[in-house]
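1. Would you be able to build a 3D model of this:
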Amino acid sequence: MNYFKRLKANLDPQPFLDEINGIDGAWDVATGRQDKVKVQREAKAIPLRGLRKSAINGRERRDVHESRWTTGSQQYDRARAFLNTFAEEQDSILGRAKIVCLPAGKRVYPHIDRGQYYRVRNRYHFVLKSSLGSWMKAGDEEVRMQEGELWWFDNDQMHEANNDGDQDRIHMIFDMLPKHRVEEVFGKNVEMEAVA
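-> Numbering: from 1, shown residues only. Prediction:
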């Protein structure tokens, strides 16, 4: 496969699900994904890291490289620790991150993630819950990701997802910038603390 790669299996999703379930109304706090992104209108999200709004400076949101932890992410210690640890393992810098729920019978419509931000980053999915396995398609390839698996996939390709199961499908979805590309993106004299 060219557009998908399973990186880890047999990770325990339960602590992350417990963390989500321990927060009243976790899925109702941020509705921007379903309200503003047409192809994502059937999905719910808990933003963990988002673009740094102060860095927009007239750029399109999809071209803003700077990101930061959201205020709400402080309630998700396990998720934050997982993301930090995996970024270190991959010698990368965290970008945007969210926990996404795709209810039964719902879908993410075909799209390509466009913009400078996405061109230089890797996209990952950590499957926390999926009754039949999570079906995804990128380019001409299809996979069914299982609970406890962590996948890289190429979001430069036309991609889509469908929850054909009878329960919510929950993924942690996040982007990372390989450290060898930091100078290309942020310039020669950037301090690592300024981009992390």
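
2. Do a quick rundown of the strands in this protein.
-> With strands called from DSSP state E, the chain shows them at 4-8, 44-51, 67-69, 92-102, 107-111, 122-129, 134-138, 141-145, 150-153, 159-162, 169-178.

3. The shortest one pairs with which strands, and in what direction?
-> In the sheet containing strand 67-69, the strands it pairs with under DSSP bridges are strand 44-51 (antiparallel).

4. Can you tell me what sits against the strand it pairs with?
-> For strand 44-51, contacts defined as C-beta atoms under 8 Å, 6 or more residues apart in numbering pick out 20, 26-27, 29-34, 61, 64, 66-70, 72-73, 76, 79-80, 83, 94-103, 117, 172, 174. For glycine as for every other residue, the C-beta is placed from the backbone atoms N, C-alpha and C.

5. By neighbour count, sort out the buried ones in the residues you listed.
-> Applying a neighbour-count criterion of 16 or more other C-beta atoms under 10 Å, the buried members of the contacts of strand 44-51 are 20, 26-27, 30, 33, 64, 66-70, 73, 76, 79-80, 83, 94-103, 117, 172, 174.

6. Run through the protein and note the low-pLDDT ranges.
-> Low-confidence segments of the chain, defined by pLDDT under 70: 33-36, 189-196.

7. So which residue is dead centre in it?
-> When C-alpha atoms, centre = their mean is applied to the chain, the residue found nearest the centroid is Ile173 (2.1 Å).

8. For it, list each beta-bridge partner.
-> Lys98, His125.

9. residues in contact with it?
-> Ile173 touches 97-100, 123-126, counting by C-beta under 8 Å, 6+ apart.

10. what's the spacing between Lys129 and Thr85?
-> 21 Å (C-beta to C-beta, to the nearest Å).

11. With Ala30 instead?
-> Ala30 is 24 Å from Thr85, where distance means C-beta to C-beta.

12. Hmm, Met172 and Arg123 touching each other?
-> No: counting by C-beta atoms under 8 Å, Arg123 does not reach Met172; the two are 11.7 Å apart.
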